[in-house]
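**Q** mind looking at a prediction? Sequence and model below.
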There are 2 protein chains.
Amino acid sequence: KMASGKCLTKGSPAPGPVPKDKIRIYSMRFCPFAQRARLVLAAKGINHETVNINLKDKPEWYLAKNPFGLVPTLETSAGEIIYESPITCDYLDEVYAGKKLLPSSAYGKAQQKMMLEHFSKATLYFYKIPMGKIKGDDVSGLETELKEKFGKFNEYLVKKKSKFFGGDSITMIDYMMWPFFERLEGFGLEHCMAGTPELKKWTERMWEDPAVKACMYGTDFYKVYIESYTAGKVDYDYGL
Amino acid sequence: KMASGKCLTKGSPAPGPVPKDKIRIYSMRFCPFAQRARLVLAAKGINHETVNINLKDKPEWYLAKNPFGLVPTLETSAGEIIYESPITCDYLDEVYAGKKLLPSSAYGKAQQKMMLEHFSKATLYFYKIPMGKIKGDDVSGLETELKEKFGKFNEYLVKKKSKFFGGDSITMIDYMMWPFFERLEGFGLEHCMAGTPELKKWTERMWEDPAVKACMYGTDFYKVYIESYTAGKVDYDYGL
């Protein structure tokens, strides 16, 4: 069942202990927060197994792992549990060898965390606008607000004169922001980036990253997902 | 003006550069979030200067330092700016020598960050209940919810069998939670801790900590502060 990627649901038995050489991620295939941790797992080449969770009809045992009932959650072979996407990503970066994604300096880390705070205030728009559209609401005000936020990120890249948000190579902050930008076209939001050319170039560079390529589903998947979600009949196993 | 501790307000000139041997904290004397950073500064014995900010009538230049307009904000002699209370505290702990407040292991850090996520969902009650009371609202439902949250923290200490939330000595998570508990009596919330004896013992231990003693104002101050705040005539300089 796990190998197929299909989600575990109410009544599904709990998976056994995590094998010694692996870490387990509880995920949902289309969740942008879980994707952050999936990107870090891919970028660092970490040996892992994936258990997908039905977030509408959760297995009873899942709340004992993560009281918030959200994804991602990590579980180690020692039975340690880590949840909340930025916490899981920092944990993976610190524990595992391979490319370090967080800056080594305290100020560099602080800059990425502050950037994430700013970005977090934009994430709700990625849901509110497409859902409002499907329902036939006027979303022009929300779109203007999102464009303003994109303007700030664009300005940041212009001032920093760098290819990515942490410098000229991909670092943690890029992976924290990326899952939402990957969904722009699927969610019908690509026009909000029309006035922010440096941000657009950043997305073009991100599409070329091997970890991004390994973790993506594609615009058609996100279109179907957001439509089924809004219609109240979400299909977490779409395409399997 | 800065030496007196009185807050800088709209029209106040911006302070000059930070002296080489110091770090500056922008604070508000009664703000629990700023107090987190003040506790870390005190616990580690960091040489610093304090600039208090009038949060209702902010100096024009303050938003250029911290676009959120909140406290705490740190400024270094190199002109680096760090804001958001957990980010400032982690920064201070990593950069400065002295007692390390965050655990050294990645999992230990993750545990404290997860605990903080849980605690953060409780902080609003510390305002909503006293303000509701002053307005004459029925706050019994909110009080029940806060007691349930206190119950979870109590259970955590019981299971962990430790004096503090990170072990038998004070660590970062204790300082992140403390400022809200320091205000319990001032905010008229001490009865919400009646059913949680281990949590109460934790507060008694915290009151004995030298950094806690160095940073506190006292119950009378918080009483006056919350009353003046609710009445819409907050006095940030009360007692000076």
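**A** Nice, thanks for sending it over. The structure presented is a predicted model; accordingly, all values stated were derived computationally and were not measured.
**Q** strands of chain A, start to end?
**A** For chain A, strands defined by DSSP state E occupy the ranges A:23-27, A:48-52, A:73-75, A:81-83.
**Q** with respect to chain B, which of those strands lies nearest?
**A** strand A:81-83 (4.6 Å; C-beta to the nearest C-beta). Bear in mind the C-beta positions are built from the backbone N, C-alpha and C, glycine included.
**Q** contacts made by that closest one with the rest, please.
**A** Residues outside strand A:81-83 that contact it (C-beta atoms under 8 Å, 6 or more residues apart in numbering or on different chains): A:65-66, A:68, A:70, A:72-76, A:88, A:91, B:107, B:110, B:114.
**Q** ok, it: who's next to it in the sheet?
**A** Paired strands of strand A:81-83, with direction, are strand A:73-75 (antiparallel) (DSSP bridges).
**Q** interface residues of chain A facing chain B?
**A** A:67-68, A:76, A:80, A:82-84, A:86-88, A:90-91, A:94-95, A:106-107, A:109-110, A:113-114, A:117-118 (C-beta under 8 Å from any C-beta of the partner chain).
**Q** so what's residue A:115 up against?
**A** Contacts of residue A:115 by C-beta under 8 Å, 6+ apart are A:156, A:165, A:173.
**Q** so the first one makes contact with residue A:166?
**A** So the one you mean is residue A:156. No: Residue A:156 lies out of contact with residue A:166 (C-beta atoms under 8 Å); the separation is 10.9 Å.
**Q** buried stuff in stretch A:36-45?
**A** Judged by neighbour count (16 or more other C-beta atoms under 10 Å in any protein chain shown), stretch A:36-45 contains these buried residues: A:36-44.
**Q** top helix in chain A by residue count?
**A** Identified as the longest helix of chain A according to DSSP state H is helix A:140-160.
**Q** that one: how far from the chain's middle?
**A** Taking C-alpha atoms, centre = their mean, to the nearest Å, the mean C-alpha location of helix A:140-160 is offset from the chain mean by 20 Å.
**Q** alpha carbons of stretch A:186-201, as CSV, please.
**A** C-alpha atoms of stretch A:186-201 as CSV (Å, rounded to 0.1, in the frame of the first residue of the first chain):
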residue,chain,number,x,y,z
GLY,A,186,-2.3,25.5,-11.8
PHE,A,187,-4.0,27.9,-9.5
GLY,A,188,-4.5,30.5,-12.3
LEU,A,189,-2.2,33.1,-10.7
GLU,A,190,0.6,33.5,-13.2
HIS,A,191,-0.7,36.9,-14.3
CYS,A,192,0.1,38.2,-10.8
MET,A,193,3.8,37.9,-11.7
ALA,A,194,3.5,40.0,-14.8
GLY,A,195,5.0,43.1,-13.2
THR,A,196,7.8,41.3,-11.4
PRO,A,197,10.4,40.2,-13.9
GLU,A,198,13.2,39.3,-11.5
LEU,A,199,10.8,37.1,-9.5
LYS,A,200,9.8,35.5,-12.8
LYS,A,201,13.4,34.8,-13.6
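**Q** now it: mean pLDDT?
**A** In this model, stretch A:186-201 has an average pLDDT of 95.
**Q** so, low pLDDT: which residues of chain A?
**A** A:1-3 (pLDDT under 70).
**Q** burial check on the nearest residue to residue A:94 once chain neighbours are set aside, number of neighbours?
**A** Spatial nearest neighbour of residue A:94, chain neighbours left out: residue B:106 (3.9 Å); criterion: C-beta to C-beta, 6 or more residues apart in numbering or on different chains. Residues near residue B:106, counting by other C-beta atoms under 10 Å in any protein chain shown, number 18.
**Q** gap between residue B:106 and residue A:27?
**A** Distance, residue B:106 to residue A:27, by C-beta to C-beta, to the nearest Å: 20 Å.
**Q** who's in contact with the residue nearest the centre of chain A?
**A** Closest residue to the average C-alpha location of chain A: residue A:32 at 2.9 Å, with C-alpha atoms, centre = their mean. Residues near residue A:32 by C-beta under 8 Å, 6+ apart: A:123, A:126, A:179-180, A:182-183.
**Q** which of these sit farthest apart?
**A** A:123 and A:182 (12.9 Å; C-beta to C-beta).
**Q** comparing these two, which residue is more hemmed in?
**A** Per other C-beta under 10 Å, whichever of residue A:123 and residue A:182 has more neighbours is residue A:182, with 23 against 15.
**Q** what about the nearest residue to the more buried one once chain neighbours are set aside, how many neighbours?
**A** Distances taken as C-beta to C-beta, 6+ apart put residue A:216 closest to residue A:182, at 5.9 Å, once the chain neighbours are dropped. Residue A:216 has 18 neighbouring residues, counting by other C-beta under 10 Å.
**Q** repeat that for the one 3 residues further on.
**A** A total of 15 residues lie near residue A:219 under the criterion other C-beta under 10 Å.
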